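Engineer: Build me a model from this:
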Amino acid sequence: MSKPLLLALAALIAPVLAQAAPVNTLQKGTLAIGMEGTYPPFTFKDTAGNLTGFDVDIAKAVAAKMHLKPRFVLTEWSGILAGLQANKYDVIVNQVGVTPERQKSIAFSAPYAYSRAQIIVKKGSPLKTATLADLKGKRVGVGLGSNYEQQLRAVGGINVVTYPGAPEYLADLAAGRLDAAYNDQLLVSYLIRKQNLPIVGAGVGSKPAAVAVALKKDNTALKTAVDKALLQIKADGTYSKISRQWFGMDVSKP
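Structural biologist: Alright, predicted model coming up:
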């Protein structure tokens, strides 16, 4: 093949490779972290406007062990996985459940927490001891694109109403525009303890499930570094301190 032809091919291929290349965070000194910022107690803004939450603290601790500066990028849940693929951030730390379907397109760190889904109802609702089957024919709010949406749709017969985030459908639930909502049990526990929403946890809808840091599949060096950092924060007590601060217990095990 002639040299001019090789140069021409290289010129065509280079932009494609550049677009597909993973972000090399380990060299640039920062860790870009995707999260919602509207999902208490995991990632939300306090009364002073500061980003806080369990996932925020875990992300900061992991970045510190990696000697990287955390940079948080806020985005709606419905587009958070697409943002990872588009290199808008390097990792997602936002209660991303590990599922076989997601593992086809993205990589995961070792699990850093476990929780389960729970039905949420307004105080005084007759559904206070509901099962998923009891939700058939009911309007149930859930996050768009979440594991919880998939679980509700798998039951069949439920009027699934999707929202960009938890605050919107919890507000509609409190206002009586929904019969129930479906989300993380740890979220429900936090809201009951910390906020004045007229809601209660009803039936538990699933077995404990793992959540992990989400990464691009080709960013293997970053996955290795994140896994190592997670082991370190568990070994030195940092993880336990963060978990007990937010939940009063260690949520690293099923």
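
Engineer: Quick check: mean pLDDT of the strand or helix carrying Ala61?
Structural biologist: Assigned by DSSP states H and E, Ala61 belongs to helix 54-65. For helix 54-65, mean pLDDT is 98.

Engineer: Summarise which helices and strands it is packed against.
Structural biologist: Using 3 or more CB pairs under 8 Å, 6 or more residues apart in numbering; DSSP states H and E as the contact test, the elements touching helix 54-65 are strand 30-35, strand 43-45, strand 69-74, strand 91-97, helix 220-235, helix 238-247. The C-beta positions use only the backbone N, C-alpha and C, and glycine is treated the same way.

Engineer: what about the spatially closest residue to Thr75 that is not a sequence neighbour, how many neighbours?
Structural biologist: Nearest residue to Thr75, sequence neighbours excluded (CB to CB, 6 or more residues apart in numbering): Gly83, at 5.3 Å. Close neighbours of Gly83, defined as other CB atoms under 10 Å, add up to 15.

Engineer: mind listing what Gly83 touches?
Structural biologist: Taking CB atoms under 8 Å, 6 or more residues apart in numbering, we find Gly83 in contact with Gly34, Val73, Thr75, Tyr89.

Engineer: ok, these vs Gly176, which is closest?
Structural biologist: Nearest to Gly176, judged by CB to CB, of the contacts of Gly83 is Thr75 at 29.9 Å.

Engineer: Can you classify the residue nearest to Thr75 by secondary structure?
Structural biologist: What DSSP: H, G, I helix; E, B strand; the rest coil gives for Gly83 is helix.

Engineer: Quick one, grab the pLDDT at the nearest residue to Thr38 once chain neighbours are set aside.
Structural biologist: With CB to CB, 6+ apart as the criterion, Thr38 has its nearest non-adjacent residue at 4.7 Å, and that residue is Gly165. Per-residue confidence (pLDDT) for Gly165: 81.

Engineer: again with Gly176
Structural biologist: pLDDT, Gly176: 93.

Engineer: And Ile242, how far from Met249?
Structural biologist: Distance, Ile242 to Met249, using CB to CB, to the nearest Å: 12 Å.

Engineer: Can you check which residues contact both of those two?
Structural biologist: Shared contacts of Ile242 and Met249 (CB under 8 Å, 6+ apart): none.

Engineer: Indicate which one of the helices and strands packed on helix 54-65 is closest to Gln195.
Structural biologist: strand 43-45 (10.6 Å).

Engineer: Name all residues that make contact with the closest residue to Glu76 other than its chain neighbours.
Structural biologist: With CB to CB, 6+ apart as the criterion, Glu76 has its nearest non-adjacent residue at 4.6 Å, and that residue is Pro164. Residues in contact with Pro164 (CB under 8 Å, 6+ apart) are Glu76, Trp77, Ser78, Gly143, Leu144.

Engineer: burial measure for the fourth one, as a count.
Structural biologist: Looking back up the chat, that one is Gly143. Gly143 has 24 neighbouring residues, counting by other CB under 10 Å.

Engineer: With the second one instead?
Structural biologist: The number of residues packed around Trp77, counting by other CB under 10 Å, is 22.

Engineer: any idea how far it is from Leu144?
Structural biologist: Applying CB to CB to Trp77 and Leu144 gives a distance of 7 Å.

Engineer: Equivalent analysis for the first one, please.
Structural biologist: When CB to CB is the yardstick, Glu76 and Leu144 sit 8 Å from each other.

Engineer: ok, Ile80 - contacts?
Structural biologist: Contact analysis of Ile80 by CB under 8 Å, 6+ apart lists Gly34, Met35, Glu36, Ile92, Asn94, Val96.

Engineer: Test of understanding: give the bridge partners of the second one.
Structural biologist: On DSSP bridges, the residues paired with Met35 through beta bridges are Leu74.
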